[in-house]
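> Everything below, folded, please.
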Amino acid sequence: MHAVSCAGWNPLQEMEELLDRYHRATGRSVVNCADDYLNSDWLPHTDLEETPSTVVVRAELPGVRKRDIVVNISRGMLEISGEKHAELKQAQGNRKHIGECQFGCFRRTLSLPQELEVSAANATYSDGVLIIQIPKLSGSADYEHRIQID
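Okay, here's the model as predicted:
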């Protein structure tokens, strides 16, 4: 067995570098990420893509009804929230062997590029996928706007 030396290892510096890499890769602060995890029963998977003229966000929300989804932009942050209701209650006497389906409330917060025309944003929801498109604009995204889902 070989001895492992911890000399020169600074765990706090390593953690700071890891958090910085996470923020640069995702555009999300760890505070927002932790808040989403703590206040949600489950988190949808999301993609955020920037084209030359638009920011496009895709969120996978299988089994969520459109009327149970809320999309807001406030101070440069996009928030997708809602609830996925349990489809069936387990009948008395039945035994569940596998329970991987997720139900309950969710909230996902994403940091947006600052130069967007949020009042022209639109969203569509089809086959369990929410697509939000926000045109770019030279200006600031420091005001609030609720996006209707078509």
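> Show me the residue at the heart of the protein, geometrically.
By CA atoms, centre = their mean, the chain has its centre lying nearest to Arg108, at 3.1 Å.
> would you say that one is within a strand?
Yes. Assignment of Arg108 by DSSP: H, G, I helix; E, B strand; the rest coil places it within a strand.
> and it, what are its bridge partners?
Ile80 (DSSP bridges).
> Can we start the residue count at 643 from this point?
OK, 643 is where the count begins now, so the last one is Arg750.
> per-residue pLDDT, it?
We have a pLDDT of 89 for Arg750.
> so it makes contact with Met719?
No. Arg750 lies out of contact with Met719 (CB atoms under 8 Å); the separation is 10.6 Å. (Each C-beta comes from the backbone N, C-alpha and C, glycine too.)
> quick one: low-confidence ranges for this structure?
643-650, 654, 658, 661-662, 664-682, 729-732, 780-786 (pLDDT under 70).
> Break down it into its strands, ranges please.
688-692, 696-702, 711-716, 719-726, 746-753, 764-768, 771-777, 787-789 (DSSP state E).
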